[in-house]
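**Q** Below: sequence and its predicted model.
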Number of protein chains: 4
Amino acid sequence: MRWPRKNDAASVEARRAAMGVTGGIVTSVDLEPFATAAESLVGVAVIPVSAVPLEVELGAYELGDDGAVEERGRATETVRVPLAHTEGGLTASMTRGALAAGTIRTYVLHDRITRASCFVCGDAADAIALASWVQSELPSMQEWLASSDDASLSKRARLRGVKTHVVGPMCHVLWQWTTGDAVGPNMMTRNSYALNMAYVMQRAPVKPERAVLEANMGGDKKPSAEFFQSGHGKTVLAEAFLTDEQIRRVLRTTAADLEALSWVGTHGAVASGMQSVAFTPASAIAAIFAATGQDLGMVGTSSMAHGTGRRVEGGLQASIRFGGLEVGTVGGGTTLPSARDWLASIGCAGSGTVYRFAQIVAAAALALEISASAAMATAGSENFFQAHHQRGGLR
Amino acid sequence: MRWPRKNDAASVEARRAAMGVTGGIVTSVDLEPFATAAESLVGVAVIPVSAVPLEVELGAYELGDDGAVEERGRATETVRVPLAHTEGGLTASMTRGALAAGTIRTYVLHDRITRASCFVCGDAADAIALASWVQSELPSMQEWLASSDDASLSKRARLRGVKTHVVGPMCHVLWQWTTGDAVGPNMMTRNSYALNMAYVMQRAPVKPERAVLEANMGGDKKPSAEFFQSGHGKTVLAEAFLTDEQIRRVLRTTAADLEALSWVGTHGAVASGMQSVAFTPASAIAAIFAATGQDLGMVGTSSMAHGTGRRVEGGLQASIRFGGLEVGTVGGGTTLPSARDWLASIGCAGSGTVYRFAQIVAAAALALEISASAAMATAGSENFFQAHHQRGGLR
Amino acid sequence: MRWPRKNDAASVEARRAAMGVTGGIVTSVDLEPFATAAESLVGVAVIPVSAVPLEVELGAYELGDDGAVEERGRATETVRVPLAHTEGGLTASMTRGALAAGTIRTYVLHDRITRASCFVCGDAADAIALASWVQSELPSMQEWLASSDDASLSKRARLRGVKTHVVGPMCHVLWQWTTGDAVGPNMMTRNSYALNMAYVMQRAPVKPERAVLEANMGGDKKPSAEFFQSGHGKTVLAEAFLTDEQIRRVLRTTAADLEALSWVGTHGAVASGMQSVAFTPASAIAAIFAATGQDLGMVGTSSMAHGTGRRVEGGLQASIRFGGLEVGTVGGGTTLPSARDWLASIGCAGSGTVYRFAQIVAAAALALEISASAAMATAGSENFFQAHHQRGGLR
Amino acid sequence: MRWPRKNDAASVEARRAAMGVTGGIVTSVDLEPFATAAESLVGVAVIPVSAVPLEVELGAYELGDDGAVEERGRATETVRVPLAHTEGGLTASMTRGALAAGTIRTYVLHDRITRASCFVCGDAADAIALASWVQSELPSMQEWLASSDDASLSKRARLRGVKTHVVGPMCHVLWQWTTGDAVGPNMMTRNSYALNMAYVMQRAPVKPERAVLEANMGGDKKPSAEFFQSGHGKTVLAEAFLTDEQIRRVLRTTAADLEALSWVGTHGAVASGMQSVAFTPASAIAAIFAATGQDLGMVGTSSMAHGTGRRVEGGLQASIRFGGLEVGTVGGGTTLPSARDWLASIGCAGSGTVYRFAQIVAAAALALEISASAAMATAGSENFFQAHHQRGGLR
């Protein structure tokens, strides 16, 4: 059969028939609200959502005129984080971690998203000249974007910087944007494309042979060292202080055992060539992303994390750093039913909430790190075994 | 409020009230079938599912007695792959890629999943002695596992090999398993734990100070060089031959442009320290995983891919290699409503279907790679821009 | 025996006696000129030096007031590069590559060397506050260094920038310097130490618990992704255009074969998790470093390279990019007999010559890349085999 | 002028004249003994050699018939290690580290060197079939090599294993060799070439399009994750126990400070994407390599190291692991005057000494690690600063 992309009822039905999908939960939901979310719809996927209460000290952040993230205040509250997943034990584990952590403090350090274009030139000399010119044109480019009346350009995606990197005849260009409360891949793509084609290719003193809109020198859904360090999205840090008492009572281990585990796990990560050194951040990221309409293709990149633990007077200090959480509270899947509801339940639906949301994600991930690590930290890791043995019945 | 993990109706209702989630699609589904999938349920997430028809030449594979994957035959069929996502344009793009690709051929190369334990010894001498002993004990361990009547042990998870790696006083041990049609983290965790505690810690000629069940020297939800190369799950390869005619007609570009794009993108990836060199495999992986009940926390690791393209007589040869697709067709989320339905729609529900499923995943990812790359390949990447500009209205 | 560090004749003699080194070439050289180069001298190592003529188009570069490398002109000349090594065939191979390359063009892109200090704070909040303060203090720190009358501080090492990176309670700080014609590790170490102890630890709004002078977040004799991209020393690019005629006549292969080899080698590098993607740059770097008194401990980091090759009209364009050549023409081993002589033979002894020297190093490495690659490029790589088989008698 | 490769006196003289090198230490040594070490000789490089006494507990190792390294006994002795370098302070620092370390214990874990060939096939199916065949042919290949009467083949280079890795149409093949007391690149190159051309290309069930002798999927003078883990050369571990007393008296710091430094440095390395996590192993490796005629192009790869430190009862346990020390005591530069003398001074000249030599290299590197780390470990790292400030007069 032909496979139209249309989402009228007859087309949906025809596709279902071709697939032999004729009933059940997957066809039980009206697709109309989802009609613009994807072509060639055939039904829905339903994932159970559970929730974990977290006590979080959140910063109130705003983006300054110069593109720096600025903290305006801090306040502590309890947030009940929705998690869409089917991994038995995960929700209970995060709950336990949150209990042990007490108040988790979170910080937003940086906010940029990049499109990694590349101009292929005739030779290295041209590529070098181009790079130098591109760097020097930044203010003019910003002005050009701001004053353009091209309706296809996004005013929300603002060019904040540019980084060039020449390899042979290639001039790689990382366009660095802020995109408000949206993740923003499409808005920055439109603007980057316009810069490439209507600015650089038209005005550059050396004419490139070829402009490539995305050429992999960033972290577009692929983890990279570049991304791990410089970030792609929101750079966020979460930290908790676990008292010896809570470690013993809630986690049933000791600060010394947790520190030993951290030492072993860090060196294991080094031995295996792991770029992201943590315990299981992706489990938390994926569960929140699935509940809140984030791009699940960004689970890998958003999960790149750098976890640390050290024994301090009276307990253990645990932290996790995310180079780039690619999260949004407007646009994309966040506007759809289900996603919007879960975002609203944590006060993160719509404008002005993205830094709040990013911090909640980081805090939830840290809570899970603490519990999952603790389960490994006792001599022989009896806890971890028991956690999976008793609760993980589905797997 | 206290936050019980129970999933009786009253508990669910209490949690919903605490979260202010009182209606809408997220509370519209009966949670009973999901009651064992997660603790502290509060509702569901609903993601629209679309589908793409792929023509795939699939191998029929079985696991040999020695743990090697053996091909029994090959056959071509059309599979309509379900994709759960909300990225406008993605489904249309994969559809276009599939059309251009014609028949995609897929291969399963290897099947192993590992638990990376570590024994911390008194010193390096002990760690070296332990590593040597562990290697030599493999047959005895296999026998011990097979003959055990401990009900907590999984007979489906079979120990196939062991790799040791000594760093200082640490003896890292990668237990290598096959787990049938399940991904198998929990079954191999149980068995690895038993090996660690009831075999190694009891019988080793040198007594380790500490056994850590998972110590990061593998790829447990964190991308790693180890994982990228040696695999974690199913190692699968997909390949397509694009004729010059299809490239021109369907993709509106040329083999020369595609080859140039591949060259630029590979070098961009190198410059950014990317471990996975491809274009956007995670978009496809995530969409299929979300539809079929796979572990979304494994999107990052399962998306690690090595894509290649080269011009050959009459067209372009494109391929993608996945070091480890962590997929299952039994156990975990795959048994739940929705997931089971979508798996069934592609003939992948239940035993004996996991290699089929792994190949379909790889083929779908290649179809998307082809289309997404093509959109970048023309001079100036006009296609890519237009694809996002016109269709990506949601973002 | 006690092992004094003194280099008087009697001490040298006593050490030689203890080692049983009583004659031969290793004791034949007067150690007096080397007396301050190392403690506990016992003799010399002698390495044969060969030479290869290169035709190079060199840029004339100067460091601008703002720390940017500026090109003042370009000129072509023949340089006969001294190589200290004992790998039979290497010199002949580079000679062949230089012949095939014709005029190699070189460019200096950037000049910075970093000391990666770290301040361990009480918690992440303090580390974040410190990072913010450090960034804002850059102008004051530059002024403070410039106006200091502390004789231990180097005026030649000039602070050009600072990059901070917070992980948990750690505030990593990359102090970025230019150091004139010296590599400059010691001068920037002195200045970084002074900044750490006399500026940051004294004036910071939050008092760090600990200052670590070098904490590995750079590329101090260890290859890193950070170093590969951002550089450590001189960032240099060399490029050549090989005509089809030269490829055939001198290299006995074809541009198509060279391009195929480059494709295979790049993907092999990706598969093995190689950070530096090239063929054998370290052979050239090491040979020049050994002849010219460079720090041989920096061979690994200085050899990190990104090589490219692509077929263009009439031949092949080959290039190599060095993220950071850690080279000097004053200070360290360059002032000693032997090193100084070889530097002088290529016009690189003393002030004002370091950019010239860096370009010569890159050009020599490219010449070797071309020849060594070509030897692998023919079907079956017959040339490579023959090169080693016939000439490598010593190995 | 023409640039002959000949090393007769007149040719040497003509080259010197062209270079303007007419006297001094660089022309003072008779080149005759070096005449076969390199083409186009022009003189010598002279590097001062100092020495450090180490107390080392060395294992006596032999290669078993199956290619495993077997320990036959252990004995402690004092070795005075020759170091060729010009970095003021380095020799004194290593001496101090050795004093603090007391007896360093060393272990050889593994011995393999690889040539990473690649066969480019028509498509992935062929590449997969070839890989499978190559794996199955190992015993036949070993027999074929052993029984060959081709004089160009080396009997010393013995094929021990083979690893294949398919990416698209490429079948990468890592031929794994032992090469006796030589590093062995040339002998294994000859044999690998013969396997590629006379065995695989002749007998394979599918005919590859192209055989590439070295295709970068290993660690041939370029650091890689593959190499860091699996090794290339001798895998060696060195360990020392530093008593609190020695730490205080010799290193003027504490075990707690050393442990804190190790924690910071390891996380700094992770943040910078460093593959080799240690402090300054390359300084030691380079100095010994330069004195003993090793291949200086292998300094980067041989320096890849994994260092650890942990506080234990009564002091600190420090260790370093080298994935692959590419060292030899026969062949290559080791046979030349100067190199041979320094090797002889530590009992490592000629057959049966390579494992001894590898252990001495590792022990020396650990001694330097200890001292250099200690200099960074005190609050503010005063020691490190003073070490460089007072002694590094040359830099």
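**A** Looks like it arrived, so ask away.

**Q** Chain D versus residue A:150, what's the distance?
**A** 39 Å (Cβ to the nearest Cβ, to the nearest Å). Backbone N, C-alpha and C define where each C-beta goes, glycine included.

**Q** and the stretch 251-395 of chain A, which residues reach chain D?
**A** A:263, A:266-267, A:269-273, A:275, A:277, A:306, A:308, A:310 (Cβ under 8 Å from any Cβ of the partner chain).

**Q** which two of those lie the greatest distance from each other?
**A** Greatest spatial distance among these (Cβ to Cβ): A:273 and A:310, at 24.0 Å.

**Q** where exactly do the strands run in chain A?
**A** Counting by DSSP state E, chain A has strands at residues A:41-63, A:69-84, A:103-120, A:158-167, A:170-178, A:210-212, A:233-243, A:305-312, A:315-325.

**Q** Next up, the contacts around the closest residue to chain C within the stretch 51-200 of chain A.
**A** Relative to chain C, the nearest point of the stretch 51-200 of chain A is residue A:168 (3.7 Å; Cβ to the nearest Cβ). Neighbouring residues of residue A:168 by Cβ atoms under 8 Å, 6 or more residues apart in numbering or on different chains: A:124, A:127, B:267, C:237, C:239, C:306, C:308, C:310, C:317, C:319, C:321.

**Q** Model confidence for it, exactly?
**A** With respect to pLDDT, residue A:168 scores 97.

**Q** out of the strands of chain A, deepest packed?
**A** strand A:315-325 (a mean of 28; mean count of other Cβ atoms under 10 Å in any protein chain shown).

**Q** quick one: that strand near chain B?
**A** No: using Cβ under 8 Å from any Cβ, strand A:315-325 stays clear of chain B, with a minimum separation of 12.2 Å.

**Q** Spell out which parts of chain A neighbour chain C.
**A** A:105, A:107, A:109, A:123-125, A:128, A:165-170, A:225-226, A:229, A:237, A:239, A:241, A:273, A:306, A:308, A:310, A:317, A:319, A:321.

**Q** same thing but 6 Å
**A** A:107, A:124, A:128, A:167-168, A:225, A:237, A:239, A:273, A:306, A:308, A:319, A:321 (Cβ under 6 Å from any Cβ of the partner chain).

**Q** Which one of these is nearest to residue B:90?
**A** Of the residues of chain A next to chain C, the one sitting nearest to residue B:90 (Cβ to Cβ) turns out to be residue A:225, at 26.8 Å.

**Q** What is the burial count for that closest one?
**A** 26 (other Cβ atoms under 10 Å in any protein chain shown).

**Q** thinking it is in contact with residue D:273, fair?
**A** Yes: between residue A:225 and residue D:273 a contact is recorded at 3.9 Å, counting by Cβ atoms under 6 Å.

**Q** Overlap of the contact sets of these two?
**A** By Cβ atoms under 6 Å, 6 or more residues apart in numbering or on different chains, residue A:225 and residue D:273 have these common neighbours: B:273, C:225.

**Q** What segments of chain A are helices?
**A** A:9-19, A:90-101, A:124-136, A:138-147, A:185-194, A:201-203, A:225-230, A:244-249, A:255-271, A:281-292, A:299-302, A:339-345, A:354-377, A:382-391 (DSSP state H).

**Q** Which of these sits closest to residue C:31?
**A** Short answer: helix A:255-271, nearest of the helices of chain A by Cβ to Cβ, at 41.2 Å.

**Q** For the closest one, buried residues please.
**A** By 16 or more other Cβ atoms under 10 Å in any protein chain shown, the buried positions in helix A:255-271 come out as A:255, A:257-271.

**Q** Among those, which ones lie close to chain B?
**A** A:264-265, A:267-269, A:271.

**Q** could I get the residues of chain A next to chain C as TSV with distance to residue A:366?
**A** Supplementary listing: those in TSV, determined by distance: Cβ to Cβ, whole Å:
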residue	distance to residue A:366
A:107	12
A:124	45
A:128	44
A:167	37
A:168	42
A:225	23
A:237	9
A:239	7
A:273	24
A:306	12
A:308	11
A:319	7
A:321	10
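
**Q** low-scoring stretches of chain A, by residue?
**A** For chain A, the stretches with pLDDT under 70 are A:378-395.

**Q** Next, find the distance separating the residue of the stretch 101-250 of chain A found nearest chain B from residue A:217.
**A** The minimum distance from the stretch 101-250 of chain A to chain B, using Cβ to the nearest Cβ, falls at residue A:225 (2.8 Å). Separation of residue A:225 from residue A:217 (Cβ to Cβ, to the nearest Å): 11 Å.

**Q** do residue A:243 as well
**A** Counting by Cβ to Cβ - residue A:243 and residue A:217 are separated by 45 Å.

**Q** One more: residue A:94?
**A** 35 Å.

**Q** ditto for residue A:52
**A** Taking Cβ to Cβ, one finds residue A:52 at 37 Å from residue A:217.

**Q** Repeat that for residue A:257.
**A** Taking Cβ to Cβ, one finds residue A:257 at 42 Å from residue A:217.

**Q** go on, residue A:99?
**A** Residue A:99 is 43 Å from residue A:217, by Cβ to Cβ.

**Q** Neighbour count for those two, which is higher?
**A** The neighbour comparison of residue A:99 against residue A:217 (other Cβ under 10 Å) goes to residue A:217, with 31 against 20.

**Q** about what we covered before: I'd like to know which of the helices of chain A is closest to residue B:81.
**A** Of the helices of chain A, the one closest to residue B:81 (Cβ to Cβ) turns out to be helix A:9-19, at 9.6 Å.

**Q** Which strands or helices does that closest one pack on?
**A** The contact analysis (3 or more Cβ pairs under 6 Å, 6 or more residues apart in numbering or on different chains; DSSP states H and E) places helix A:9-19 against strand A:41-63.

**Q** so what's residue A:107 bridging to?
**A** Judged by DSSP bridges, the bridge partners of residue A:107 are residue A:237.

**Q** Residue A:33: neighbouring residues, count only.
**A** Neighbour tally, residue A:33, other Cβ under 10 Å: 16.

**Q** from what I can see it touches residue A:337, true?
**A** Yes: if you go by Cβ under 6 Å, residue A:33 and residue A:337 touch, sitting 5.1 Å apart.

**Q** re the thing from before, measure the closest residue to the residue of the stretch 101-250 of chain A closest to chain B other than its chain neighbours to residue A:87 for me?
**A** Leaving aside its sequence neighbours, residue A:225 sits nearest to residue B:273 (Cβ to Cβ, 6 or more residues apart in numbering or on different chains; 2.8 Å). Computed with Cβ to Cβ, the distance linking residue B:273 and residue A:87 is 30 Å.
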